[in-house]
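Visitor: Provide a 3D model corresponding to the input given below.
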Amino acid sequence: MIVYSATKARFKEDVMTNDIGGIIFNAFQNATGRSTGRAEIESWMHSLQYMDRVLSDDEIPHDAGVAIEYHLPQTSKRIDFILTGRDRDRRESAILVELKQWQKAELTQSDAIVITRFKHGTAETLHPSYQAWSYKRLLEDFNQTVQEEHIGLYPCAYLHNYEDDGVITHPFYSDHIKRAPIFLKPDALKLQQFIKTHVKFGDTTRIMYRIEHGKIKPSKNLADELASMLKGNREFVLIDDQKVVFEKAKRLAEQASEHTKKVLIVEGGPGTGKSVLAINLLVALTGKDHVVQYVTRNSAPRLVYEAKLTGHFRKTHISNMLSGSGSYHATPPNTFGCLIVDEAHRLNEKSGMFSHLGENQIKEIISASRLSVFFIDEDQKVTLKDIGDKEAIRTWAEKLGAEVVEMSLESQFRCNGSNGYLAWLDNTLQIRETANETLDTREYDFRIVDSPSELHGLIKDKNKISNKARMVAGYCWDWTSKKNPHLKDIVIGDYRATWNLETDGQAWIIKPDSVSEVGCIHTCQGLEVDYIGVIVGPDLVVRDGSVLTRPAERSRMDKSIQGWKKLLKDDPEGGAARLDAIIKNTYRTLMTRGQKGCYVYFTDEETRRYSAERLQIGPAAEQVAEKPVLPADEEAVVLPFRLLGPEQARPYENCVPLYDFKIAAGGFSDEQQVDDCDWVELPEEFRPRKGLFVAQVVGESMNRRIPNGAWCLFRIASAGSRNGKVVLASHREIADNDTGGHYTVKIYESTKESFSDGTWRHASIILRPDSALPGYEPIVLSEEQAEDLRVIGELVAVLG
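Guide: Alright, predicted model coming up:
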């Protein structure tokens, strides 16, 4: 939908009336049937006068098209100003201009995010260049007219009140500025030149009309890109009942229409793979030409899964497919083929920063889509605003004429696959009574520790393995470091720690080095690690065998139970039950984030004793101690194979060598000399033979294929092409070569130069990383350096 459409000549006439704001406002009311605030009308008045001045050049054709406030389909976003025409090669062009009245901004450490002042105070928001570029990608990815008729889109941002202070143009944002240049107060002539570069002739083919009426469908390039991101990514493999639900959802998507709306409710507890299934559906249905979005109320899952798909933390056009749950209050019915709602129990009634928009998020999501998929766990409601439950979804589906299908996920992939641990936790927290009164710690690595320092130390040690261990806590401590970074938030005796909500934001759970800080329910719900360390605060205590919750012990800065005093006054019994459930659900959620283990410190001694009495510890520690271990720099590591002593080992008949050097997967390792080896028994699927050996890979640069700290099986490299293979390589002249060789594991790529006599030589060799984390660059060897590279082995398998 376009609010205002004219030629450049007509636009100039409207500006000359000195009421361009009123003209756009009337057009807005006619187009949308809604009103808008005075602030937006004034912004039209001021910004459009600046654009008029920029267009005052006879080289910009008078019959160029002008579109103002173009509503992007399937979003609530609007492109401020579009100029259409043809470039010097007569190719159809559209310049997309994001207009801002900003005067100042603040730098952040989050990609494409700045802080600026709005009417109600300062807030984080998108960098204008990224915003403009993302609108371009939305059109390219979903508008069939743009895709098939090859209309050139040129995004930019114009901040006409902004004097360059080095913030908005900071090198941190340079990638986004390259894709969509930013023009500031002194740059009117530069913007004018940018326009003249791309629009030399007028718009005689109604470009914006055709774009507006173009069919909405995902481009093949987008579908292929998403599919390639998912391919080979082990974190997104569907197992057991996940596959059953996946196939059912695909069938429902084909059956759904405007007149036969469908709603699929998928219930599953922690670790049943709801998010994995949701991402697979996003990719699969996009590939079937459905317009799909992945929806969560909390931004943490969106940021984390985008990073896992793209392999980095930079914002990309994939962000357009991941949306907040409050985005659909103004969306026309049946705009989407499918909306996939993860963590549906976290949905709110109202939307917007001030909870003042829309009627009900469940209603708006069902209305906006032909198929709505709700992944839900009602035991994970953790705030008073959470309204997502199956009954509410059924009620709204019936009102909107949608058929409801209900399914469940039972298979447990978190907490070591132990349903017993989940049942024990529910029983211990007195959420529900189960038969699991004690926990056998052989089933799941659960420990209670004596101090928060000991707890954090354990988590830091576990994090060395694969960067998958984190600390979390109940929100019982104020976030004082937000205003004063030198202060610590969580202070318990000698223990000092900082909430991790600023530097890494909602992507905290996968950001490198964030293990030094502490997350909360808002940064980890819907996500998982291998090991989780939990500080249980004074908001949950045990007295005489009863688990009691204390909302007054929550931090005043936590909005989860904001208004709890009034709630108790208005409804003492019902309010107390709701608060009790929220606090218990918070700790249940925190204590189920760990796939392999959960370690807990209780601030209250009686609560610690109560929980410890419900553990069956006995044989577990002894069993672990009996397993073969090798000493490492920091701790003993349990091996995924058995060490054989001299009397047992028959080299290459029942064992292969284990070399005692660590291979670097983040650049060449420190110099190490291989002097001796142990002998290990391989898993049954591998037959020992000469040429095989085992070594440990350390680092994150290959973590898509090889976790940090993993023990890997290699075969000694043979002749033949190695392109595309994962290789173990050494180079004795990169750094000191007095003590041995440098080793690294990377994907091998080479180019060769052939000669007429049949000989050849390497023109270049590249050793490429394959990491889900940013910052890892290929190792590029020159022709001269390549001569000293030695490929020692090729990866056979990751053993564990």
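Visitor: pLDDT below threshold where in the stretch 651-800 of the chain?
Guide: 660-676, 719-720, 732-742, 752-763, 775 (pLDDT under 70).
Visitor: which parts of it are strands?
Guide: Ranges of strands in the stretch 651-800 of the chain, per DSSP state E, counting those that start in this stretch, are 656-664, 677-681, 692-698, 711-716, 726-731, 742-754, 760-768, 779-781, 789-798.
Visitor: repeat for the stretch 501-650 of the chain
Guide: 518-519, 529-536, 540-543, 546-549, 594-602, 615-616, 629-631, 636-638, 642-644.
Visitor: now for the closest residue to S56 other than its chain neighbours: which residues touch it?
Guide: In space, and not counting its chain neighbours, S56 is closest to K12: 7.8 Å by CB to CB, 6 or more residues apart in numbering. Every residue, glycine included, has its C-beta placed from N, CA and C. Contact partners of K12, counting by CB atoms under 8 Å, 6 or more residues apart in numbering, are D52, L55, S56.
Visitor: ramachandran angles for K12?
Guide: phi -60, psi -40 (degrees, to the nearest 10).
Visitor: what of the one 10 residues further on?
Guide: In this entry, G22 is assigned phi and psi values of phi -70, psi -40 (degrees, to the nearest 10).
Visitor: R38 is in contact with that one, correct?
Guide: No - the criterion here is CB atoms under 8 Å, and G22 misses it with R38 at 11.4 Å.
Visitor: in terms of neighbours, single out the busier of the two.
Guide: When neighbours are counted by other CB atoms under 10 Å, G22 comes out ahead of the other of G22 and R38, with 14 against 9.
Visitor: for that one, which non-adjacent residue is closest in space?
Guide: I41 (7.2 Å).
Visitor: helix or strand for that neighbour, which one?
Guide: Applying DSSP states H and E as the criterion places I41 in helix 38-54.
Visitor: average pLDDT for that helix, rounded please.
Guide: Averaged across helix 38-54, pLDDT comes to 92.
Visitor: partner strands of the helix or strand following it, with direction?
Guide: Downstream of helix 38-54, the next assigned helix or strand under DSSP H and E is strand 65-71. Applying DSSP bridges, strand 65-71 is found paired with strand 2-7 (antiparallel), strand 78-86 (antiparallel).
Visitor: list the contacts for the closest residue to N585 other than its chain neighbours?
Guide: The shortest distance from N585 to any non-neighbouring residue, by CB to CB, 6+ apart, is to V382 (5.3 Å). Each residue near V382 by CB under 8 Å, 6+ apart is listed here: R346, I521, Q525, S560, I582, N585, T586, T589.
Visitor: how about 7 Å then?
Guide: I521, Q525, S560, I582, N585, T586, T589 (CB atoms under 7 Å, 6 or more residues apart in numbering).
Visitor: tell me how the chain divides into domains.
Guide: 2-212, 220-409, 418-622, 628-798 (automatic domain parsing).
Visitor: and these, which one's lowest on average pLDDT?
Guide: domain 628-798 has the lowest average pLDDT among the domains of the chain, namely a mean of 72.
Visitor: help me confirm that F172 is found in a strand?
Guide: No - looking at F172 with DSSP: H, G, I helix; E, B strand; the rest coil, it is helix, so not inside a strand.
Visitor: that one: neighbour count?
Guide: 17.
Visitor: cool, T589 as well?
Guide: T589 - counted by other CB under 10 Å - has 20 other residues nearby.
Visitor: ditto for T395
Guide: Based on other CB under 10 Å, the number of other residues close to T395 is 15.
Visitor: helix, strand, or coil at it?
Guide: helix.
Visitor: would you mind measuring from the nearest residue to E69 once chain neighbours are set aside to V304?
Guide: Residue nearest to E69 in three dimensions, not counting chain neighbours: V3, with 3.6 Å by CB to CB, 6+ apart. Using CB to CB, to the nearest Å, V3 is found at 36 Å from V304.
Visitor: comparing these two, which residue is more hemmed in?
Guide: V304 (23 against 20).
Visitor: ok, back up a step: so which of the contacts of K12 is surrounded by the most neighbours?
Guide: Most surrounded of the contacts of K12: other CB under 10 Å gives L55, at 22 neighbours.
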